[in-house]
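Enquirer: below is the sequence, then the predicted model.
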Amino acid sequence: MFSDSTFVISFANENVAADFYQITARGTGTTVDWTLGSISSANPNNSRWDLTLDSEVGSFTDTNSVWNGGRNMILSPNSSLNGTSIINCNKLYQSGATLSNCSIIAANTSAGIAFIESNSPENISNCSFEFSSGHAIELTSAIATAFTFSNNTFSNYGVSGSTDAAIYNNSGKNIVINVSNGDTPTIRNGTGANTTVNNSIVLSLTNIISDSEVRIYSAGTVNELAGQESVTGGTFEYAYNYIAETYVDIVIFKKDYKFNEPTGRLSSFLLGSTNTAIPINQQFDRNYFNPD
């Protein structure tokens, strides 16, 4: 077993072959445990480092380390990254590894190229991806046709269909991604591939006075997304497929009552990535007069 913590490795700024700087773990039963390490290239524009884990390695675990300026990182099925920050690196081959609470920052990729080549995306959770260029994740032909994708976030990636979409489905399959408490990723489909993303979130409006009318519109429009003429039971639920930066207007009307005066609506409400409950406060309108 090899175990180390708070170590620092900095590969020198030298004109060497692309694969000269190597970290390798080999052999059946080999166990590696890193914590709070720092691995970097002194000048990534000149030379980068590789990490290669043999598929027979017993286990490899990295916790809260910083990897900077790497070239190719080839993981193994018995490896896990927990809280690892991966900065300005070229490529990570998942190979069945588990990635949790990792931060992917400034990946050295180009348009249409993904940073992570993934054969088991269900093992990626609670990770954040910050756009630089290209895709965050490429799905390969080895993946299952449906998987759950938990608590992953994607910042500033391109629209679906573009070479900067968050996920590139290059599996040649029809894939269903069931998002749980995370962002809805944008998708680019490769040849023969199709992707369905399910990220159903529920906004619950509670404490509604019986027989109130509820309407939800796209913010600033009359495009109705959901509504009910007469709510009973005190709660109205709006289920939606989460898309970041989506705003709605919430309108509630009940004769003899006021809601969020003077507009009678809750305007430009940002729909969240997790289930949310909002208690509604309707006040008796002493000045209401209905001539009918």
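Expert: Received it, and whenever you're ready, just let me know what you need. From a predicted model like this one, the values you see are computed outputs, not experimental measurements. Residues are numbered from 1 along each chain as shown.

Enquirer: only C-alpha atoms from now on, for both contacts and neighbour counts.
Expert: Noted.

Enquirer: could you chop the chain up by domain?
Expert: Per automatic domain parsing, the structural domains of the chain span 2-198, 201-284.

Enquirer: any chance of a markdown table for those domains, columns mean neighbour count and mean pLDDT?
Expert: As requested, the domains of the chain are exported to a markdown table (neighbours: other Cα atoms under 10 Å; pLDDT from 0 to 100):
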| stretch | mean neighbour count | mean pLDDT |
| --- | --- | --- |
| domain 2-198 | 19 | 96 |
| domain 201-284 | 16 | 91 |
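
Enquirer: hmm, Gly96 is touching Asn119, no?
Expert: Yes - using Cα atoms under 8 Å, Gly96 makes contact with Asn119 at a distance of 6.2 Å.

Enquirer: could you give the bridge partners of Glu224?
Expert: Tyr217 (DSSP bridges).

Enquirer: surely it touches Val248?
Expert: No - contact between Glu224 and Val248 fails when scored by Cα under 8 Å: they sit 9.6 Å apart.

Enquirer: give the contact list for Asn241.
Expert: Asn198, Asn199, Ser200, Ile201 (Cα atoms under 8 Å, 6 or more residues apart in numbering).

Enquirer: roughly how far apart are it and Pro185?
Expert: Distance of Asn241 to Pro185, given as Cα to Cα, to the nearest Å: 11 Å.

Enquirer: same question, Thr148
Expert: To Pro185, Thr148 is 13 Å away according to Cα to Cα.

Enquirer: wait, a helix at Ser47?
Expert: No - assigned with DSSP: H, G, I helix; E, B strand; the rest coil, Ser47 falls outside any helix and is coil.

Enquirer: look up phi and psi at it.
Expert: Per-residue torsions, Ser47: phi -150, psi 140 (degrees, to the nearest 10).

Enquirer: surely it and Ala18 touch.
Expert: Yes - with contact defined as Cα under 8 Å, Ser47 reaches Ala18; the gap is 6.5 Å.

Enquirer: contacting residues around the closest residue to Ile208 other than its chain neighbours?
Expert: Spatial nearest neighbour of Ile208, chain neighbours left out: Gly234 (4.4 Å); criterion: Cα to Cα, 6 or more residues apart in numbering. Neighbour list for Gly234: Thr206, Asn207, Ile208, Ile209, Ser210 [criterion: Cα under 8 Å, 6+ apart].

Enquirer: touching the helix or strand hosting Phe115 from outside, list them.
Expert: Using DSSP states H and E, Phe115 sits in strand 114-118. If you take Cα under 8 Å, 6+ apart as the criterion, strand 114-118 is touched by 90-96, 107-109, 134-140, 143, 167-168.

Enquirer: mind listing what that strand pairs with, with the direction of each?
Expert: Assessed with DSSP bridges, strand 114-118 is paired to strand 91-93 (parallel), strand 135-139 (parallel).

Enquirer: mind putting those strands into a markdown table with distance to Ser218?
Expert: Shown next, in a markdown table, are the strands paired with strand 114-118 (distance: least, Cα to Cα, whole Å):
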| stretch | distance to Ser218 |
| --- | --- |
| strand 91-93 | 39 |
| strand 135-139 | 29 |
